[in-house]
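Visitor: Predicted model and sequence below, questions to follow.
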Amino acid sequence: MGRWPDPADSAVDRARAIAHSYRNLALELAPDRAEVLDRAARELGEHWVAPLLDTIAEGELVSTRRAAELMGVAEATVRSWGCRTGIPVEHFDGGWDLDQLRAYKASQRRRQGHR
């Protein structure tokens with residue numbers, strides 16, 4: 001039996017990754033039905049089901065609100081990450097680089113997984 005690729009992932013991280021695998025298969029086999037399920041999940045507040053990160057171009061900056069939505073955290077969390085790490089904000093309402101936020105979130109998960 002194999003090992004999960006990232007030992008820092010929580011049970012929720014692993015479950016979501018597996019769910020995304022099934023979702024990707026559903027998108028291939030029945031895209032219209034998959035979209036109905038995605039919409040239903042979003043209406044229930046489960047925005048993680050249908051990741052929106054694919055819609056952001058590399059290097060594109062996003063607002064604090066959008067960064068929080070895409071990262072699955074509160075706006076205050078995004079601001080906190082910026083203060084802790086010195087991730088630069090390009091203008092008053094955000095201008096967050098998602099790659100830098102993702103890297104910080106991943107580093108935090110790895111650090112917490114090694115406790």
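Guide: Received it, and whenever you're ready, just let me know what you need. Numbering: from 1, shown residues only.

Visitor: How about the contacts made by Ala17?
Guide: The contact partners of Ala17, taken as Cβ atoms under 8 Å, 6 or more residues apart in numbering, are Asp9. For every residue, glycine as well, the C-beta is placed using N, CA and C.

Visitor: nearest residue to Thr77 other than its sequence neighbours?
Guide: What sits nearest to Thr77 in space, not counting adjacent residues and going by Cβ to Cβ, 6 or more residues apart in numbering, is Ala68, at 6.8 Å.

Visitor: what element comes up after the helix or strand where the one you found lies heading to the C-terminus?
Guide: With the criterion set as DSSP states H and E, the secondary-structure element containing Ala68 is helix 64-71. Remark: after helix 64-71, the chain's next helix or strand is helix 75-85, criterion DSSP H and E.

Visitor: what are the C-alpha coordinates of the next helix or strand after that following helix, in PDB please?
Guide: Towards the C-terminus, the helix or strand next in line after helix 75-85, according to DSSP H and E, is strand 94-97. Output for strand 94-97, consisting of C-alpha atoms alone and laid out as PDB, is shown next (Å, rounded to 0.1, in the frame of the first residue of the first chain):
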ATOM      1  CA  GLY A  94      -5.500  43.800  -2.100                       C
ATOM      2  CA  GLY A  95      -3.500  43.100  -5.200                       C
ATOM      3  CA  TRP A  96      -2.500  39.800  -3.700                       C
ATOM      4  CA  ASP A  97      -0.300  37.400  -5.600                       C
END
